[in-house]
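Chemist: pasting a predicted model and its sequence here:
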Amino acid sequence: MRSAGRSWLLLTGFVVFYIIYLLFGGLVFSTIERPEEERLRHELDTLKQEFLNHSCASAADLDHFLARVLQAHRSGVSVLQNSSQPSNWDLTSSMFYANTLVTTVGYGHSTPLSDLGKGFSILYALLGVPFTMLVLTACVQKLLFPLVVGPVAVLHGWGVAPRAACALHLLLLLLLLLLCFFIGPAALFSWLEGSWSFLDGVYFCFISLCTIGLGDYVPALQPGQRNKSLYQVSVIVYLFLGLMMMFLLLRAVHKMADVHGLTALLQLPRCEVSPDDEQRPILVTSQKTALLQPGVSDKHLAAGAEFKNVDTCYSPVNELRCLVPL
């Protein structure tokens, strides 16, 4: 139990640090980009007034005006909005942008305007992407037994054959994912956004949770959005939980492939889990890694209780057990 408590404490620390990391990124991006955004909006307003004051604008003036408008629009600043409109780089909007960076969704609805912001985006994503994957992996590992292994064992205990139990569980898990992370949120998005249809909401959920992030539909961007900050924070939470469930679904598919013999057929590594995982650290060195260490023999492994029931999932890249969900 002491080991399980340390494992849960470590996982809680990961999640808390992830939230702090998003807050830190939001503060930095807001500090860097908001003055640049205000400067660009003022420039567009001035250019718009100069264009309107010309009684006979030339084709060159029109081309220059349109080029500046399109360039600003690609950075998330619209000529249709005046300086009194909410900023795209307030704290919650900056956190939303930071979240799209570290989750690799990357809508592209707003991009850094300054060179300093672009450089910080590189550094922030360089550290944030692997850490986010680590946090998601740790959360998925904690959910594997109660949501994957346990239900399959219950179905098997009810007399369902192992293969049928895995297939039935995968179907139920997929149904739960569709209802809670696609259909339900899509209906909510279509109601909150107004201009989105239900299909648009489903499309946004799919593009987001698959980390495709085309950016043609982004929530909380319409002018006059009520409770915009709360809305954006809710989308951040939705993306994290949705990506976690997508990872969990992939693990369930992998488990069913193990039971049906597909992993052995395709010569893929197996990654079994057991209830003992709840009493182990989140990241445990694999048995194969231990064999690679000098001075460790089969005799030592057989005598060591710490190596009992250790999963055989092995990654030659990092030599850590199940670090990347399959």
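Modeler: Yep, it's here. Numbering: from 1, shown residues only.
Chemist: what residue, apart from its backbone neighbours, is nearest residue 225 spatially?
Modeler: residue 231 (6.6 Å; Cβ to Cβ, 6 or more residues apart in numbering). To be clear about C-beta, it is placed using only N, CA and C from the backbone, and glycine gets the same treatment.
Chemist: what strand or helix carries that neighbour?
Modeler: Using DSSP states H and E, residue 231 falls within helix 228-259.
Chemist: residue contacts, the residue nearest to residue 225?
Modeler: 192, 219-220, 225 (Cβ atoms under 8 Å, 6 or more residues apart in numbering).
Chemist: for residue 192, see how far away it is.
Modeler: From residue 231 over to residue 192 the distance is 7 Å, taken as Cβ to Cβ, to the nearest Å.
Chemist: now for the two: what residues contact both?
Modeler: Contacts common to residue 231 and residue 192, judged by Cβ under 8 Å, 6+ apart, are residue 219.
Chemist: helix, strand or coil: sort out residue 196 for me.
Modeler: coil (DSSP: H, G, I helix; E, B strand; the rest coil).
Chemist: sorry, wrong one. I was asking about residue 104.
Modeler: Residue 104 is classified as coil under three-state DSSP.
Chemist: let the chain start at 207 from now.
Modeler: Got it, the first residue is 207 from now on, which makes the last one we talked about residue 310.
Chemist: now stretch 446-463: average pLDDT?
Modeler: On average, the pLDDT along stretch 446-463 is 88.
Chemist: off-centre distance for that stretch?
Modeler: Mean-position distance between stretch 446-463 and its chain equals 13 Å (Cα atoms, centre = their mean, to the nearest Å).
Chemist: next one: stretch 342-353
Modeler: Worked out by Cα atoms, centre = their mean, stretch 342-353 lies 15 Å from the chain centre.
Chemist: next: stretch 334-343.
Modeler: Chain-centre distance of stretch 334-343: 9 Å, with Cα atoms, centre = their mean.
Chemist: again, but for stretch 300-320
Modeler: Relative to its parent chain, stretch 300-320 has a centroid offset of 12 Å by Cα atoms, centre = their mean.
Chemist: measure it end to end?
Modeler: 14 Å (Cα to Cα, to the nearest Å).
Chemist: and it, what's buried?
Modeler: 300-309, 311-313, 315-319 (16 or more other Cβ atoms under 10 Å).
Chemist: give me the below-cutoff pLDDT ranges for the stretch 407-532 of the chain.
Modeler: Scanning the stretch 407-532 of the chain with the threshold set as pLDDT under 70 gives 468-532.
Chemist: backbone dihedrals for the most centrally placed residue in the chain, please?
Modeler: The chain has residue 309 as the residue nearest its centroid, 3.5 Å off, counting by Cα atoms, centre = their mean. Main-chain torsions, residue 309, degrees, to the nearest 10: phi -90, psi 0.
Chemist: and the helix or strand where residue 333 lies, what does it pack onto?
Modeler: Taking DSSP H and E as the criterion, residue 333 maps to helix 321-350. The contact analysis (3 or more Cβ pairs under 8 Å, 6 or more residues apart in numbering; DSSP states H and E) places helix 321-350 against helix 208-259, helix 297-308, helix 434-465.
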